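[1] need the 3D shape of this:
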Amino acid sequence: MNMQTKSFFGIATLAVAIALAGCGSKDDAAATQQAAPAPADPNLVTAPAALVAQLTTAVVAKSPVSEPLRVVGRIDFDEQRVARIGANVTGRVTELTALPGQQVQAGAVLAQLNSAELGAAQLALLKARAQRELAGKAVERAKLLLAADVIGSAELQRRENELGVAAVEERAARDQLRVMGVSPQAIARTASDGSITSVSSIVSTVSGVVVERKVNKGQVVQPAEVLFTVADLSRVWVIAQVPEVQVGRVQVGQNVRIEVPSNGVAPITGKLVWVADIVNPDTRTVMVRTEVDNPRRHLKPAMLANVVIEPLPIDRLVVPSSAVVREDNDDRVFVRTEGNRYRLTPVKLGEEISGMRIVQSGLAGGETIVTDGAFHLNNERKRAEMEGQ
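    Take a look at the predicted model:
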């Protein structure tokens, strides 16, 4: 065998040895990986004996709770304490005596106007009165003539009928003046001395604040127009719309908390005084109303408000607030798996009600959870996790 042949066999033998060595290393690595234990679940924790005595557990179950019903509302006038005032006759405004924001008493003059219609109505009263007096004198003469056998009884009856018609026309003229806002004293004065005035006053029918004025001097106004709005704001309404699907949980007499962010005052408590009997077909909501005192007039009509209604209690799955652990901006609870082992379980909870949190998801009921000591158990879990790392 020459030297070249020996070198070839030597290189081949070395290559085979290297390949076999490489295969052995891979097999050893694979065996090592298979033998390594799986990583521990970071959400599982075993409570030490010293910690078990500090833990209190309970079974998750349903309990009757009054879950607050939050709806958007608004401040409104108390319709029994507001008056929308207009003119009683057609005329031109000659004087304005009330300004928006001014406090007025019932009967106070808000504006004055000149009205030819008012003068014509007074003239009609004077004519009707004169006609009634003339018809009365004709009846007296007819009675004398009948007694003297100058006329018959039919003539007396005709004149008495004329007197009755004249009296009715006078009463109608007086009523027309009352409709125009003329006081009984002014009507009597016109009938007695024949005085006629074309000045008509627009007066407030309630005591309160002038919250709106829709008239200027020189403006011609009609009786159908609203010129002033006067309201007593010492008591206001709070109106809210309850979704149709929630209206079964709402009834008169329930407590209500009213929050008005725009005025910066503390929340106001009240009670529902009215629940509508119909559903708004456009919004599918039912209107509810609360009445609250407003002595300092912080609550202003058209303000928005958050209305929190405490409805009838219903059975809901709940957990104590003390059982909740805040982890990574999520709510979690410790659920016992077996013995002293617990799993940190994510849950979705509602707001706190009397120390309880309503379970929205994450628990089905019947689980045993840690109600007291969850904070210490979570610290034990974190310690074990760090030691495992």
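
[2] mind telling me what element Val168 is part of?
    Using DSSP states H and E, Val168 maps to helix 153-179.

[3] same thing with Val230?
    Going by DSSP H and E, Val230 is part of strand 228-231.

[4] for Glu67, same thing?
    Applying DSSP H and E, one finds Glu67 in no helix or strand.

[5] ok, it touching Arg316?
    Yes - contact criterion CB atoms under 8 Å: Glu67 and Arg316 qualify, at 6.6 Å. All C-beta spots, glycine's among them, are computed from the backbone N, C-alpha and C.

[6] which residues are common contacts for these two?
    Taking CB atoms under 8 Å, 6 or more residues apart in numbering as the criterion, Glu67 and Arg316 both touch Ile358.

[7] can you show me the CA trace of the strand holding Val230 as PDB?
    Taking C-alpha atoms only, strand 228-231 is exported to PDB below (Å, rounded to 0.1, in the frame of the first residue of the first chain):
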ATOM      1  CA  PHE A 228     -92.700  86.500  29.100                       C
ATOM      2  CA  THR A 229     -91.800  83.400  31.000                       C
ATOM      3  CA  VAL A 230     -91.900  83.700  34.800                       C
ATOM      4  CA  ALA A 231     -90.800  80.700  36.900                       C
END
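
[8] who's in contact with it?
    Strand 228-231 is contacted from outside by 77-78, 81-86, 98, 104, 110-111, 202, 204-206, 208-215, 301, using CB under 8 Å, 6+ apart.

[9] contacts only, for Val236.
    Ile75, Asp76, Phe77, Asp78, Glu291, Val292, Asn294, Leu299, Pro301 are the contacts of Val236 under CB under 8 Å, 6+ apart.

[10] if we go to 6 Å?
    Ile75, Asp78, Asn294, Leu299 (CB atoms under 6 Å, 6 or more residues apart in numbering).

[11] secondary structure element for it?
    Taking DSSP H and E as the definition, one finds Val236 inside strand 235-243.

[12] what lines up beside that strand in the sheet?
    Using DSSP bridges, strand 235-243 pairs in its sheet with strand 69-77 (antiparallel), strand 285-293 (antiparallel).

[13] partners of the next helix or strand after the first one in the sheet?
    What that stands for is strand 69-77. Going down the chain from strand 69-77, the next helix or strand is strand 82-85, by DSSP H and E. Sheet pairing of strand 82-85 (DSSP bridges) gives strand 228-231 (antiparallel).

[14] what kind of secondary structure is the residue lying closest to Gln360 once chain neighbours are set aside in?
    Closest residue to Gln360 apart from its sequence neighbours, by CB to CB, 6 or more residues apart in numbering: Lys348 at 4.4 Å. Of the three states, Lys348 takes strand under DSSP: H, G, I helix; E, B strand; the rest coil.

[15] Lys348 and Asp41, how far apart?
    Look at Lys348 and Asp41: by CB to CB, to the nearest Å, they are 21 Å apart.

[16] so the protein: which segments form each domain?
    44-65+314-388, 70-79+232-309, 116-197 (automatic domain parsing).

[17] distance from the second one to the middle of the chain?
    In this view, domain 70-79+232-309 has its centroid 4 Å away from the chain centroid, taken as CA atoms, centre = their mean, to the nearest Å.

[18] also the longest one?
    In terms of CA atoms, centre = their mean, the gap separating the centre of domain 44-65+314-388 from the centre of its chain is 37 Å.

[19] rounded mean pLDDT for it, please.
    Mean pLDDT, computed over domain 44-65+314-388, is 90.

[20] run the chain-centre distance for stretch 226-240.
    16 Å.

[21] mind checking the pLDDT average for that stretch?
    The average of the pLDDT scores along stretch 226-240 is 95.

[22] check which residues of it are buried.
    Neighbour counts over stretch 226-240 (16 or more other CB atoms under 10 Å) mark Leu227, Phe228, Thr229, Val230, Ala231, Asp232, Leu233, Val236, Trp237, Val238, Ile239, Ala240 as buried.

[23] now do that stretch: distance from first to last residue.
    Terminal residues of stretch 226-240 lie 27 Å apart, using CA to CA, to the nearest Å.

[24] before we move on, what about stretch 330-347?
    End-to-end distance for stretch 330-347: 8 Å, by CA to CA.

[25] same check on stretch 92-108?
    Using CA to CA, the span of stretch 92-108 from its first residue to its last is 19 Å.

[26] please identify the buried residues of it?
    So, applying 16+ other CB under 10 Å, buried residues of stretch 92-108: Val93, Leu96, Ala98, Val104, Ala108.

[27] can you tell me what sits against it?
    Contacting residues not belonging to stretch 92-108 are listed as 109-114, 203-204, 206-207, 209-210, 213, 215, 217, 219-220 [CB under 6 Å, 6+ apart].

[28] how about Asn306, what does it touch?
    By CB under 6 Å, 6+ apart, the residues touching Asn306 are Glu259.

[29] pretty sure it belongs to a strand, no?
    Yes - per three-state DSSP, Asn306 lies within a strand segment.

[30] looking at strand pairing, list the partners for it.
    Bridge pairing for Asn306 - DSSP bridges - gives Val72, Glu259.

[31] check the gap between it and Val139 for me.
    Taking CB to CB, one finds Asn306 at 74 Å from Val139.

[32] on that earlier part again, nearest to Ser354, out of the strands paired with strand 235-243?
    Smallest distance to Ser354 across the strands paired with strand 235-243 (CB to CB): 15.7 Å, for strand 69-77.
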